[in-house]
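A.B. asks: Generate a structure from the sequence data that follows.
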Amino acid sequence: MQPVVVFFGEESFLKDRALEAVLNRFLDPASRSYQFRLLAAEDLKDSAFLDEANTVSMFGDWKVILVRDTQALERTVSKIKEYMERYLENPAPKTLLIFDVDSWEGRTKLKGLLSKKTTIIEFNPLSEREIPSWISSHLRNFQFQIDSAAVQAITERTGPDLQKISAELEKLMILRSEEKKIRLEDVENSVRISPTATVWEWADAIVDQDADRAVSLMNDLMEGGEQPAIYCVAMLAKQFEKMILTKEMVQQRIPQATIAQKINKPVYYLQKYLDQVARFGMQDLVRGLEILYLTDRALKSSLGTEETILHLMILQLCNLRVPFVPVFDVPLQF
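C.D. replies: Predicted structure coming up:
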């Protein structure tokens, strides 16, 4: 592979997958956290990142540097143009330097530099005709099958956004983890048409300890005559289980690259996730899982209305980080 590459286009999901493939191909998992650097172009004021690219890695044969939102370099490219030209003419042979560019705006100095001396890989949004085959192919990577009618239903309900499609497929795979096959009725029961809120937004609000937003999103999810309560609780329980696993790995000082692989998170999204997990103690996370277990029992036992049970659950989950004596002991505390 050419050691300087441009990831060009607005399809961020495909870029994410391509970067994961690159990291798996070139870097050793045990030392990946030292060999991979993610840089924001707006923070680069000089040519120091090129000096870093020229530095030999101490932990393996290769290192990878990704410059996000490269268009922001246009503000400083005049100052580093000569240095950058020299680097592009003779790049470090064991450094893979990737520039992430969403789009070019007219003729620019940066575009002129990168388009002549790099390999440009395009990541354009898929057409409506391409999306169904992508869905089937994506699921095959996880040994899942899907009915053709289900593929069509997902496409109609989510639109062409691969990030959104992938999130819905992840939920469906959890739902059908034993059968390994997704059917039309699964999509009809679980994938909403143009939703105003998603389970993932709701889960993030709870992890962020934002009770008002979590209650509002939960109300949105319950609108339209659907019955998402037990499913939403199960999805959130999976999230807490993953957070507990992550907390254990962090305490054991396991490398971040290994953590990302274990919990199936892109490496450069991992730090944000670790920051979320760091907000909680292990006892908080275990208590959260217990609350979710009791909520599931309460829903299945019809100990109250879904709205009441879920609101009580949210109040408790959004107070995990502070000493908290539940105001309500029914139905969640019994």
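A.B. asks: roughly how far apart are F13 and Q271?
C.D. replies: 19 Å (C-beta to C-beta, to the nearest Å). The C-beta positions use only the backbone N, C-alpha and C, and glycine is treated the same way.
A.B. asks: Who has more neighbours out of those two?
C.D. replies: F13 (19 against 13; other C-beta atoms under 10 Å).
A.B. asks: Next, that one: phi, psi?
C.D. replies: phi -60, psi -40 (degrees, to the nearest 10).
A.B. asks: give me every residue that touches it.
C.D. replies: The contact partners of F13, taken as C-beta atoms under 8 Å, 6 or more residues apart in numbering, are 162-163, 166.
A.B. asks: How about A21?
C.D. replies: So A21 contacts nothing (C-beta under 8 Å, 6+ apart).
A.B. asks: How about Q261?
C.D. replies: Counting by C-beta under 8 Å, 6+ apart, the residues that Q261 touches are P29.
A.B. asks: which residues in the stretch 51-200 of the chain form helices?
C.D. replies: Ranges of helices within the stretch 51-200 of the chain are 77-89, 109-117, 131-140, 148-158, 162-175, 184-190, 199-207, based on DSSP state H, counting those that start in this stretch.
A.B. asks: Sorry, wrong one. I was asking about the stretch 201-334 of the chain.
C.D. replies: Using DSSP H, counting those that start in this stretch, helices in the stretch 201-334 of the chain cover 211-222, 229-251, 256-263, 267-278, 282-300, 306-317.
A.B. asks: Of the ones you listed, flag the one that's most buried.
C.D. replies: Most buried of these by mean neighbour count (mean count of other C-beta atoms under 10 Å) is helix 306-317; its value is a mean of 21.
A.B. asks: Buried residues, stretch 91-109. List them.
C.D. replies: 91-92, 95-102 (16 or more other C-beta atoms under 10 Å).
A.B. asks: Which stretch among the helices of the stretch 51-200 of the chain is buried most, on average?
C.D. replies: Among those, the stretch with the highest mean neighbour count (mean count of other C-beta under 10 Å) is helix 199-207, at a mean of 20.
A.B. asks: That one packs against which elements?
C.D. replies: Helices and strands touching helix 199-207, as assessed by 3 or more C-beta pairs under 8 Å, 6 or more residues apart in numbering; DSSP states H and E, comprise helix 211-222, helix 229-251.
A.B. asks: Quick one: those helices as a markdown table, columns for distance to S148 and mean pLDDT too.
C.D. replies: Formatted as a markdown table, the helices and strands packed on helix 199-207 follow (distance: least, C-beta to C-beta, whole Å; pLDDT from 0 to 100):
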| stretch | distance to S148 | mean pLDDT |
| --- | --- | --- |
| helix 211-222 | 28 | 85 |
| helix 229-251 | 24 | 88 |
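A.B. asks: Including distance to A278, could those go into JSON lines?
C.D. replies: Below are these laid out as JSON lines (distance: least, C-beta to C-beta, whole Å):
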{"stretch": "helix 211-222", "distance to A278": "20"}
{"stretch": "helix 229-251", "distance to A278": "8"}
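A.B. asks: Tell me which of the ones you listed sits nearest to N54.
C.D. replies: Of all the helices and strands packed on helix 199-207, helix 229-251 sits nearest to N54, with 32.3 Å by C-beta to C-beta.
A.B. asks: got the angle for the closest one vs helix 282-300?
C.D. replies: 170 degrees (axes from the mean of the first three to the mean of the last three C-alpha atoms, to 10 degrees).
A.B. asks: about what we covered before: adding distance to R183, write the helices of the stretch 201-334 of the chain out as JSON lines.
C.D. replies: Formatted as JSON lines, the helices of the stretch 201-334 of the chain follow (distance: least, C-beta to C-beta, whole Å):
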{"stretch": "helix 211-222", "distance to R183": "22"}
{"stretch": "helix 229-251", "distance to R183": "16"}
{"stretch": "helix 256-263", "distance to R183": "28"}
{"stretch": "helix 267-278", "distance to R183": "30"}
{"stretch": "helix 282-300", "distance to R183": "24"}
{"stretch": "helix 306-317", "distance to R183": "25"}
